[in-house]
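Enquirer: Next comes the sequence, and after it the predicted model I'd like to discuss.
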Amino acid sequence: MTDWLSYLLLAAAGLVAGALNVVAGGGSFLTLPILIFLGLPAAVANGTNRVGVLLQNVGGVWGFHRHRVLDWRWGLQVSVPALAGAAIGTWLALQTGELAFRRILAGFMLLMTIWPMVVSRPVPGRAPAASRSLVVTVGFFVAGLYGGFLQAGVGFLVLAITSMAGFDLVRGNAIKVLSILLLTVLSLAIFAWEDSVDWPLGLALGLGNFVGGQIGVRFAVLKGHRSIQTVVTVAIVAFAIRLWFF
C-alpha cells in the first residue's frame with residue numbers, strides 16, 4: 001500500500017475510532033489491527049496507536065470542559081492510581097513478544113466486549129463515590145494497568161467504574177477522557193523512549209482521532225445518557241460479531 005493511502009486509511013479509521021472512544025470505547029480494536037496490517041511490529045503498533053489516543057483525548061477533555069460537565073477534582077484524584085498502573089502495564093507490553101501480543105489482543109477483545117454487558121447501570125441521583133474508596137482506587141489502577149499494556153477497550157472499563165461510582169454516562173465519559181489522557185501521556189512517553197512509535201503514521205491517525213473526538217463530545221453532551229447507552233450497546237454487539245466471524 002502506498003504511503004498516501006496508508007495515511008488516508010489511518011485518518012479515516014482514526015475519525016471513526018475517535019468518535020467511538022469518546023462516546024463509549026473500543027476504537028483501538030479498529031486502529032490497532034490496521035497498524036499491524038500496515039506492517040508495524042506489534043510493539044510499534046501499540047506505541048503508535050497512543051499518538052491518536054492522545055490527540056483524541058486532548059480534544060475530548062477540552063470539549064467536555066467547555067460544556068461544563070467535567071469534574072476535574074475527582075478525575076485528577078482517580079488518575080493517580082491509573083498512572084501507577086499505566087507505568088507497569090506499559091513496561092509489561094514492551095516485554096511481550098509479537099505472537100504473544102497478538103493472542104493477548106484477541107483474548108482481551110473478547111473479554112472487553114463481554115465486560116460492559118455485566119456491569120450495572122448507574123443509579124440516577126446517587127452521589128459519586130469518594131475518590132478514596134478502595135474499590136474505585138483499585139479499579140482505576142487496574143484500568144491504568146490494562147491501558148498501559150493494551151489501551152484497546154480501556155474506555156469500557158473506566159465507564160464501568162464511573163457508573164459504579166454514580167456518574168451518568170455523560171459525566172462518566174468526561175472523567176474517562178481525562179484519566180485516559182493522563183495515562184496515555186505517560187505510556188506514550190515510555191514507548192517513545194524505547195523507539196517504539198512511528199510518528200508519521202501516528203500523526204495521520206491522530207488527526208482523524210482528534211476530529212472524531214470532537215464529534216463524540218458533541219454527541220455525548222447533546223444526546224445525553226440514554227443515547228450514549230444505545231451507542232455503547234451497539235458497539236459491544238458489533239465488536240462481538242467481528243470477533244466471532246473474522
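Expert: Nice, I can see it.

Enquirer: how near is Arg50 to Val185?
Expert: 9 Å (CB to CB, to the nearest Å). Quick note: C-beta positions are derived from backbone N, CA and C, even for glycine.

Enquirer: which one of those two has more residues nearby?
Expert: Ranked by neighbour count (other CB atoms under 10 Å), Arg50 and Val185 place Arg50 first, with 29 against 15.

Enquirer: Setting aside sequence neighbours, what's the nearest residue to Phe156?
Expert: Using CB to CB, 6 or more residues apart in numbering and skipping the chain neighbours, the partner closest in space to Phe156 is Gly25 (4.2 Å).

Enquirer: mind checking the SS state of the one you found?
Expert: Of the three states, Gly25 takes coil under DSSP: H, G, I helix; E, B strand; the rest coil.

Enquirer: Kindly report the same for Ala152.
Expert: Under the three-state scheme (three-state DSSP), Ala152 adopts coil.

Enquirer: Now for it, how many residues are close by?
Expert: 28.

Enquirer: Leu83 now?
Expert: Using other CB under 10 Å, Leu83 is surrounded by 19 other residues.

Enquirer: On the pLDDT front, check the residue nearest to Phe156 for me.
Expert: For Gly25, the model assigns a pLDDT of 71.

Enquirer: wouldn't it be in contact with Gln151 here?
Expert: No - at 10.2 Å, Gly25 does not count as touching Gln151 under the criterion of CB atoms under 8 Å.

Enquirer: mind listing what's buried in the helix or strand that contains Asn49?
Expert: Under the criterion of DSSP states H and E, Asn49 resides in helix 42-66. Neighbour-count burial for helix 42-66 flags 42-61, 63-64 (criterion: 16 or more other CB atoms under 10 Å).

Enquirer: try stretch 198-213
Expert: Neighbour counts using 16+ other CB under 10 Å place 198, 201-213 of stretch 198-213 among the buried residues.

Enquirer: Please flag which of those sit within helices.
Expert: In helices, defined here by DSSP state H, the members of the buried residues of stretch 198-213 are 201-213.

Enquirer: mind giving me JSON lines with the residues you listed and columns for distance to Leu92 and pLDDT?
Expert: Shown next, in JSON lines, are these (distance: CB to CB, whole Å; pLDDT from 0 to 100):
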{"residue": "Leu201", "distance to Leu92": "23", "pLDDT": "92"}
{"residue": "Gly202", "distance to Leu92": "21", "pLDDT": "91"}
{"residue": "Leu203", "distance to Leu92": "26", "pLDDT": "93"}
{"residue": "Ala204", "distance to Leu92": "27", "pLDDT": "92"}
{"residue": "Leu205", "distance to Leu92": "23", "pLDDT": "91"}
{"residue": "Gly206", "distance to Leu92": "24", "pLDDT": "89"}
{"residue": "Leu207", "distance to Leu92": "29", "pLDDT": "91"}
{"residue": "Gly208", "distance to Leu92": "28", "pLDDT": "89"}
{"residue": "Asn209", "distance to Leu92": "24", "pLDDT": "87"}
{"residue": "Phe210", "distance to Leu92": "28", "pLDDT": "87"}
{"residue": "Val211", "distance to Leu92": "32", "pLDDT": "87"}
{"residue": "Gly212", "distance to Leu92": "28", "pLDDT": "83"}
{"residue": "Gly213", "distance to Leu92": "27", "pLDDT": "77"}
